[in-house]
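*Asks:* pasting a predicted model and its sequence here:
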Amino acid sequence: MNTHMPDCLFCKIIKREIPSTKIYEDRNIFVFLDINPVNIGHTLVVPKDHWENIYTTPTKILCEMMEIAKQLSIAIKTATKADGINIEMNNEKAAGQLVSHAHLHVVPRFGDDGFTHWHGKRPYNEGEMQEVADKIIRVF
Ligand code: 5GP
Ligand code: ZN
């Protein structure tokens, strides 16, 4: 693990080389507003050490991120009068991760914000569901 990566945007924010609007920090975690919010109040919860994604971030740090995301969800909901909150983590390019430094999105949602849920592609074929479950269970 590298504590900081020289070319990483979030490492630069944590080191104050790039400004951000900070909400909270402690020994391991830095929390700031997303510059291009899905809705006003959209916040990022970021480990101070450079871990790329959920696979490599230590479980203890992920737990700390989630603890903060919980408290933050209540604060953001109260402050923005949101109707709901999404917690999201994109891992790898295929999943929409643009910044390769692990982070949780805490996104306030409003009944009339126009966003919809992902749509399911198709139901499973006969037997396919158990087949997929068995594949996952084998490596879990
Ligand atoms: P990802 O797609 O990697 O899950 O999300 C990266 C997030 O970082 C995006 O929502 C994007 O708006 C945010 N972001 C990108 N550059 C900056 C920046 O310079 N400052 C802040 N505060 N957020 C940023
Ligand atoms: Zn980084």
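*Replies:* Received the coordinates, thanks. Residues are numbered from 1 along each chain as shown. Ligands and ions are numbered 1, 2, ... in the order given.

*Asks:* residue 24 belongs to a helix?
*Replies:* No: assessed with DSSP: H, G, I helix; E, B strand; the rest coil, residue 24 is strand; it does not lie in a helix.

*Asks:* which non-adjacent residue is nearest it?
*Replies:* Spatial nearest neighbour of residue 24, chain neighbours left out: residue 31 (4.2 Å); criterion: C-beta to C-beta, 6 or more residues apart in numbering. Bear in mind the C-beta positions are built from the backbone N, C-alpha and C, glycine included.

*Asks:* what values do phi and psi take at the residue most central in space within the chain?
*Replies:* With distances taken as C-alpha atoms, centre = their mean, residue 104 lies nearest the centre of the chain, 1.8 Å away. As for residue 104, its main-chain torsions (degrees, to the nearest 10) stand at phi -100, psi 140.

*Asks:* isn't it right up against residue 86?
*Replies:* No: contact between residue 104 and residue 86 fails when scored by C-beta atoms under 8 Å: they sit 10.3 Å apart.

*Asks:* spatially, and excluding backbone neighbours, which residue is closest to residue 73.
*Replies:* Residue 73 sits nearest to residue 85 (C-beta to C-beta, 6+ apart), 4.4 Å away.

*Asks:* what is the burial count for residue 114?
*Replies:* 6 (other C-beta atoms under 10 Å).

*Asks:* distance of it relative to residue 104?
*Replies:* 23 Å (C-beta to C-beta, to the nearest Å).

*Asks:* what does residue 91 give?
*Replies:* Residue 91 is 11 Å from residue 104, by C-beta to C-beta.

*Asks:* residue 90 now?
*Replies:* 10 Å.

*Asks:* average pLDDT for the one helix or strand residue 133 maps to?
*Replies:* Residue 133 is located in helix 128-139, with elements delineated by DSSP states H and E. Across helix 128-139, the average pLDDT comes to 98.
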